[in-house]
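[1] Sequence isn't available, so here's the structure alone:
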C-alpha cells in the first residue's frame, strides 16, 4: 500500500495540480481557491525560512567566530534589520537607508559587468569577415547576421525622425523582428510543452497506484464542483473568495 | 535626526556607493577599497535576506484583517496563515530537513509552481491558434518563422519534413539571433545610462524620495 | 459548406486544452520510440564535461524552480551523473532559487546510495564520490547576481563554512586548497532564472571560467546569443537538449520517454495553424467581403 | 595582443571608455536641459485608451510593474513610471486601480516603492482618500503564486484594462490570456525577450523591450529622462559605427577594431 507520506503527497499534489488547472475551464471552483491559497501560503513560508536560514548558517557564524574582525558584517545585519522598520508608519523613513543601499549597489554591481557581456562582447561577436571565406554559405550567413543587426538597430531609435532610407531600414527591421518572434514563439512552446510532460509524468506513471489515485481524485473534484454549481449554488457562492 | 529626511543625504549616499563600486572594477586599487567593495556586495545580499520579512509581516497583517472583518471566503485566509506560519515555525524552529517541512513543499509548493508553469502550454496553444492567421506580411513572417522551428524541433518533424531542418537552423542562428542580440544590446545600453543617471542623483524616484519628501513638507 | 469553415475558424479554446491534455497523457503512457538527432551545441557540451581532469573543481548551481525542474529533469540527472563519473573531480552544489535544495536532494538520492554507517542526508555516495571529501552541498543563497558577485570577489566568506545541513565543511575547502574563485574550473547552471548569466558576468568575464547552462525553453534564444558570442562554453537547451544529453550519456528514463508526446503535440499546434488559416480564408474573409 | 595601460585592469579598457563616453553624454544633457525630440511609442496611446475604456465601462484598471526579480532594475523603473502614470489617470477619472504586488523574493522593495508612488499620485490629484492600500496587496515572493493570485483577482474584479509592464517571465502570457478571458484590453511590456514573442501573440499592445524604457521616460515628461533616450540613441550610433568599421577592416584582414574591443 502506498505509505502515508508519499500517499499524502500524491493526493494533495493532485488536488493542487488539478485545482489550479481548473482555471482553464473558466468555471470558478473552491478547489482552485484552496489550491491557490495553499500554494501562496506555503510559498511565503518557504521564502522566509530559506532566506533566514542563510543568515543563521553563513552570516551569524561568521560574526560569532570573530566579532572584532567582522564588525563590518555587524553593520550589514543592522542595515538589514532596519529594512523591517518599513512595516510601521513612523519608522518608515529609517528603512529608506537600506532601500537606497540595496538599489544603488544592486544597479552598480549588475551594470558594470553588463557593459562587457551585454555590449562589448556582443558587438565584437557581430564583427564578421565578408571576404576571404571558405564557402559561399559562410558569406551568406555572415552577411545575414551583419545586415539583420544593422536593420533591427534602426528599429530601436527613438529620437530621430524616421524619413527616407531610415524609414525603409526601419520597416525591414520590423519584418526581421516579426520573423524572429515566430522563431521565439516556437522555442517557448517547446519549453512549456516540456514542462507539462515532465510534471504530468509523476502523476500518471506508474499507472498503478499513481495514475489510479490521480484519476480518482480528479473525478471527485469534478463531480463536487458540478454538484456545487447545480445543487448548492449558495454554498458555492460562500466558498468563493472575495 | 531630520537629516535622514533630506533628499541631499541620499544623493550623497548614492554617489558614494556608485563610486566605490565602479572604480575597483575598472582600476587596480588598494586593498582597502576592494574590501569596501566586497562589503557592499555582502550587505546587499543580507538586506535582500531581511527584506523577505517585510513581505511576510505585511501579508500576515493583511490576512488577519481579512479574517477579523469576516470578508467572503475568509477561511482561505486562514489556510494562508496556518500554512505560512507552520512553514516558518517548523522550518526555523525544528529545521528545514524536517519531514513535515519537506512534506508541505512536495504537497503544495512544487506541484503549484510546476502546474502554473505547465499551464502556459495551453494558453500558448490558444494564443498561437489565434495569432497565426496569415492576413498580413507581418503575420505571415510570424507564422512561417514558427512553422519551420516547430518542424525542426519535433523529432517527428525531422522524419516527416527533413527539408525544414536547414531552413530552421538558418532562421534561428542568423536572423533570430541577430534580432535577439540587438535587443539585449539596446537593453544593456539603457541600463548603463540609467545607472549613470542614478550616480548623478537624477533618478531619485528609484528610492521613492522625490515627491514624497516634498509633499510632506507641504503638510 | 461555409459553416464547416466557420467552425474551423472559431474552435472553442477548451477543445484545444482537452486535446493537448489527452495527447500528452496517452503518449506519456504509450511512447512510440521515435529517433532523435543530436545538435552540435549539446555534443560540444558533452565533450567539455567529458574533458574534466582529476583535481578540477566544478560548481553545479541550481537557479531552478519546480517548474523548471519538470522540464530539465533529464539534463539535471544525466549531466550530474556524468560529472560524478569523472575521476578525481570535486563538486560544490549551490542554489540561487529557494525551491532548488529539496529537488537537489531528490536528484542525489536518485543517483546515489547512502554511505556506510549513515542513514540520512547529506551522506550519499554517487559513482564512488563521497560526501565531504569529493563533493559538498552548500544549499541556498539569496540575492541572485548580488551573491554571485560577492562569491567571485570574496569566495570563502560568501560561501561560509557551514553546508546546507549546518555541518562545518571548511575541511573540504582546506584539504583541496580551495581559497579563491580562480580555483573553479567549470560552472554548470540549471536555470529557470538567469543563474548562468550571473556566473558568466562574474566568473567567465573575470577569470575565464567556462560556464555551461541548461535552460528552459523561454531562455533558449537569449542563451544562443551568449553561446554565439563565446560567453557560454556550452548550452543544453530545454527538454530537447536534455533528451540529447541523456542519449549521449546513455542515461535511462525521463526526457527520452517524453520525446514522442513532445513531437505529436507540436504537430497538433501546426495542425491548428493550418485549420485556423483554412477556416479564416474559407469563412471570416468572405464574411468581411460580403 | 591586447592593450594594457597600467592602472586599468587588463581587458577592461574598452568597457571603461564606453562607460566614460556614456557618462560625459549623460552629464552634458543633464546640465543643459535641452529637451530633444522623441518618437511617440504607440503603446502609450494604448494606456490612455485603456484607462478611457475603463472609464466608459465603469470597471477597474489592473496594473503591475512586473515581478522585479533583481530589485529595482531598469525595467522595473520603467514599469513603475508607467504604473505611476496609470495611477495619475485613474485618480483623475475616479477609477479603482488594482495593483497586485509581489512575484519574486526581491519584490518587497519594489512593493514599498510602488505604494509610495501611487499614493503620491493620488495626493497630487487631490484624491488622497481614494487611495486604498488594500487594492495593492502583496501576493508572496513567488512568481506563480503571485500570477495565480493576480488571475484570481482578475476573474473576480473583471477589470476593463490590464497594464502589465516591467520584468516578467513565463507567467506574463498566463496573465495576458486570463485577461482576454475576462474581456480586458491587455497592454504588456517586458524586456524578457522570449516572452515578447508570446506576448505579441497574446496581448493587444506590446512594448518591445527597450521601447518600454523609452515609454517610461516619455510618460514622465522629465527633460532628464528624455535626454537619456537621446544619449542611448547616440551610443547606438557609435556602436553601429564601430560595427561597420570593424566588418570593413576585418574583411581586409585588419584586426585593429577587434583588438581594441578585446583590450
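    Sure thing, it's come through. If you're wondering where the values come from, they're calculated on a predicted model, not measured in any experiment.
[2] Residue of chain A nearest chain C, please.
    residue A:191 (1.3 Å; Cβ to the nearest Cβ). (Each C-beta comes from the backbone N, C-alpha and C, glycine too.)
[3] out of everything not next to it in sequence, what's closest to that residue?
    Distances taken as Cβ to Cβ, 6 or more residues apart in numbering or on different chains put residue C:217 closest to residue A:191, at 1.3 Å, once the chain neighbours are dropped.
[4] any idea how far chain D is from residue A:6?
    24 Å (Cβ to the nearest Cβ, to the nearest Å).
[5] list the buried ones in the helix or strand in which that residue is found?
    Element membership of residue A:6 [criterion: DSSP states H and E] is helix A:4-21. If you call a residue buried by 16 or more other Cβ atoms under 10 Å in any protein chain shown, then helix A:4-21 has these buried ones: A:9-21.
[6] export those to JSON lines and tack on distance to chain D and pLDDT?
    Below are the buried residues of helix A:4-21 laid out as JSON lines (distance: Cβ to the nearest Cβ, whole Å; pLDDT from 0 to 100):
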{"residue": "A:9", "distance to chain D": "19", "pLDDT": "90"}
{"residue": "A:10", "distance to chain D": "21", "pLDDT": "90"}
{"residue": "A:11", "distance to chain D": "20", "pLDDT": "92"}
{"residue": "A:12", "distance to chain D": "16", "pLDDT": "93"}
{"residue": "A:13", "distance to chain D": "15", "pLDDT": "92"}
{"residue": "A:14", "distance to chain D": "17", "pLDDT": "92"}
{"residue": "A:15", "distance to chain D": "14", "pLDDT": "94"}
{"residue": "A:16", "distance to chain D": "11", "pLDDT": "93"}
{"residue": "A:17", "distance to chain D": "12", "pLDDT": "91"}
{"residue": "A:18", "distance to chain D": "14", "pLDDT": "91"}
{"residue": "A:19", "distance to chain D": "10", "pLDDT": "90"}
{"residue": "A:20", "distance to chain D": "6", "pLDDT": "86"}
{"residue": "A:21", "distance to chain D": "11", "pLDDT": "86"}
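[7] how about a markdown table for these, with distance to residue D:46 added?
    Shown next, in a markdown table, are the buried residues of helix A:4-21 (distance: Cβ to Cβ, whole Å):
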| residue | distance to residue D:46 |
| --- | --- |
| A:9 | 45 |
| A:10 | 46 |
| A:11 | 45 |
| A:12 | 42 |
| A:13 | 40 |
| A:14 | 41 |
| A:15 | 39 |
| A:16 | 36 |
| A:17 | 36 |
| A:18 | 36 |
| A:19 | 34 |
| A:20 | 30 |
| A:21 | 31 |
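[8] So the one residue in chain C that gets nearest to chain D, which state does it fall into?
    Across chain C, the shortest distance to chain D (Cβ to the nearest Cβ) belongs to residue C:218, at 4.3 Å. With DSSP: H, G, I helix; E, B strand; the rest coil as the basis, residue C:218 sits in helix.
[9] same question, residue D:159
    With three-state DSSP as the basis, residue D:159 sits in coil.
[10] Dihedrals phi and psi, the residue nearest the centre of chain A?
    Chain A has residue A:192 as the residue nearest its centroid, 12.6 Å off, counting by Cα atoms, centre = their mean. Main-chain torsions, residue A:192, degrees, to the nearest 10: phi -60, psi -40.
[11] Quick check, pLDDT for it.
    Listed pLDDT for residue A:192 reads 78.
[12] now it: how far from residue C:41?
    From residue A:192 across to residue C:41, the span is 21 Å (Cβ to Cβ, to the nearest Å).
[13] picking that back up, surely the residue of chain A closest to chain C meets residue C:72?
    No. Between residue A:191 and residue C:72 there is no contact under Cβ atoms under 8 Å: 9.7 Å.
[14] between those two, what contacts are shared?
    C:216, C:238, C:239 (Cβ atoms under 8 Å, 6 or more residues apart in numbering or on different chains).
[15] Show me the helices in the stretch 51-200 of chain C, by range?
    Using DSSP state H, counting those that start in this stretch, the helices of the stretch 51-200 of chain C run over residues C:66-85, C:100-111, C:145-153, C:155-159, C:170-175, C:195-199.
[16] Pick the most deeply packed of the ones you listed.
    helix C:195-199 (a mean of 29; mean count of other Cβ atoms under 10 Å in any protein chain shown).
[17] now check it, is it near chain D?
    No. Shown here: helix C:195-199 not in contact with chain D (Cβ under 8 Å from any Cβ of the partner chain), separated by at least 9.2 Å.
[18] Just after that helix, pick out the following helix or strand.
    Following helix C:195-199 in sequence, per DSSP H and E, is helix C:205-207.
[19] List the buried residues in that following helix.
    Of the residues in helix C:205-207, C:205, C:206 count as buried by neighbour count, 16+ other Cβ under 10 Å.
[20] Chain neighbours aside, what residue packs nearest to the residue in chain A sticking out farthest from the centre?
    In terms of distance from the mean C-alpha position of chain A, residue A:132 ranks first, at 44.7 Å (Cα atoms, centre = their mean). Leaving aside its chain neighbours, residue A:132 sits nearest to residue D:253 (6.5 Å; criterion: Cβ to Cβ, 6+ apart).
[21] ok, back up a step: as a markdown table, the helices of the stretch 51-200 of chain C with mean pLDDT and distance to residue A:98 would be great.
    Output for the helices of the stretch 51-200 of chain C, formatted as a markdown table (pLDDT from 0 to 100; distance: least, Cβ to Cβ, whole Å):
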| stretch | mean pLDDT | distance to residue A:98 |
| --- | --- | --- |
| helix C:66-85 | 88 | 30 |
| helix C:100-111 | 88 | 26 |
| helix C:145-153 | 89 | 13 |
| helix C:155-159 | 90 | 19 |
| helix C:170-175 | 92 | 30 |
| helix C:195-199 | 89 | 22 |
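[22] Same list (the ones you listed) but as TSV, adding distance to chain A.
    Output for the helices of the stretch 51-200 of chain C, formatted as TSV (distance: least, Cβ to the nearest Cβ, whole Å):
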stretch	distance to chain A
helix C:66-85	3
helix C:100-111	8
helix C:145-153	5
helix C:155-159	6
helix C:170-175	10
helix C:195-199	8
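[23] between the ones you listed, which gets nearest to residue B:19?
    Closest approach to residue B:19 among these (Cβ to Cβ): helix C:145-153, 16.9 Å.
[24] can you tell me if that closest one touches chain B.
    Yes. Applying Cβ under 8 Å from any Cβ, one finds helix C:145-153 touching chain B at C:146, C:147, C:149, C:150, C:153.
[25] That helix: how far from the chain's middle?
    21 Å (Cα atoms, centre = their mean, to the nearest Å).
[26] Is any residue of that helix near chain D?
    Yes. Using Cβ under 8 Å from any Cβ, helix C:145-153 comes into contact with chain D via C:145, C:146.
[27] What is that helix packed up against?
    With contacts defined as 3 or more Cβ pairs under 8 Å, 6 or more residues apart in numbering or on different chains; DSSP states H and E, the packing partners of helix C:145-153 are helix A:92-114, helix B:31-68, helix C:155-159, helix C:195-199.
[28] Mind listing residues that contact it?
    A:105-106, A:109-110, A:113, B:34, B:37-38, B:41-42, B:44-45, B:48, C:96, C:141, C:143, C:157-159, C:181, C:195, C:197-199, C:201-203, C:206-207, D:70.
[29] tell me the angle that helix makes with helix B:31-68.
    Put simply, helix C:145-153 runs at 150 degrees to helix B:31-68, going by axes from the mean of the first three to the mean of the last three Cα atoms, to 10 degrees.
[30] Can you give me the domain boundaries for the chain?
    Since no chain was named, I'll use chain A. According to automatic domain parsing, chain A comprises the domains A:1-52+A:205-242, A:80-127, A:133-202.
[31] wrong one, I was asking about chain C
    C:2-30+C:260-289, C:41-252.
[32] At the geometric centre of chain B, which residue sits there?
    By Cα atoms, centre = their mean, the most central residue of chain B is residue B:48, 13.2 Å off.
[33] Local confidence estimate at it?
    Value for residue B:48, per-residue pLDDT: 88.
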